[in-house]
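Peer 1: this one's structure only:
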């Protein structure tokens, strides 16, 4: 008999960043898959401000840092990006600083023309730099990626020539997803405290 736990979230969730239901659906999916046991929830926003397309992660991190998050620890901003040259040391630091860190990895990606502008979230790690054939460590227990442009050829040039407007808009949506998660965790914590008192 197959005793594997089945959930409605086994497959990655992919929706346009303009979909009005995206933020609720994606935050609900991530909340459902957060660990029940106590763990530090760490958001790692991967990318660099030196490339328009690859700035999705740092932009998201910067938008998050402008808010007072109670439950999410954020790494990777425009001022302090997490990128190919420092990702190893950042992963090491996170595991030293945080108790059993549960990592949500944020990164830009390239895809089919029909997928540009889509935000994808799923269970498991992502491999940063794969589009540019960079051998970087996998990271994340859950990932959120944004398809910022078309892939398949001249990836580095494509990332450099991606429109900033779509990257900023997608980063704001991803940040709002994570802000909603932070608010929901606060409500859960307050409800639990109320029942215990």
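Peer 2: Received the coordinates, thanks. Keep in mind that this is a model prediction, so the values were computed, not measured. Numbering: from 1, shown residues only.

Peer 1: what about the lengthiest helix in the chain, distance to the chain center?
Peer 2: Longest helix in the chain by number of residues (criterion: DSSP state H): helix 164-196. Here helix 164-196 shows a centroid-to-chain-centroid distance of 12 Å under the convention C-alpha atoms, centre = their mean, to the nearest Å.

Peer 1: Start at 27, not 1
Peer 2: From this message on, residue numbering opens at 27, which makes the last subject helix 190-222.

Peer 1: Could I get the buried residue list for that helix?
Peer 2: 192-194, 196-197, 199-208, 210-211 (16 or more other C-beta atoms under 10 Å). No exception for glycine: its C-beta is placed from N, CA and C like everyone else's.

Peer 1: hang on, residue 121 packs against residue 127?
Peer 2: Yes: with contact defined as C-beta atoms under 8 Å, residue 121 reaches residue 127; the gap is 6.4 Å.

Peer 1: The two: which has the busier surroundings?
Peer 2: residue 127 (17 against 13; other C-beta atoms under 10 Å).

Peer 1: show me what contacts that one?
Peer 2: 65-68, 120-121 (C-beta atoms under 8 Å, 6 or more residues apart in numbering).

Peer 1: filter the residues you listed to the buried ones?
Peer 2: By neighbour count, with 16+ other C-beta under 10 Å, the contacts of residue 127 hold 67-68, 120 as buried.

Peer 1: Looks to me like residue 62 is in a helix.
Peer 2: No: under DSSP: H, G, I helix; E, B strand; the rest coil, residue 62 sits outside any helix and is assigned coil.

Peer 1: For it, give me the pLDDT.
Peer 2: Note for residue 62: predicted pLDDT of 78.

Peer 1: Now do it: how many residues are near it, please.
Peer 2: If we define neighbours as other C-beta under 10 Å, then residue 62 has 5 of them.
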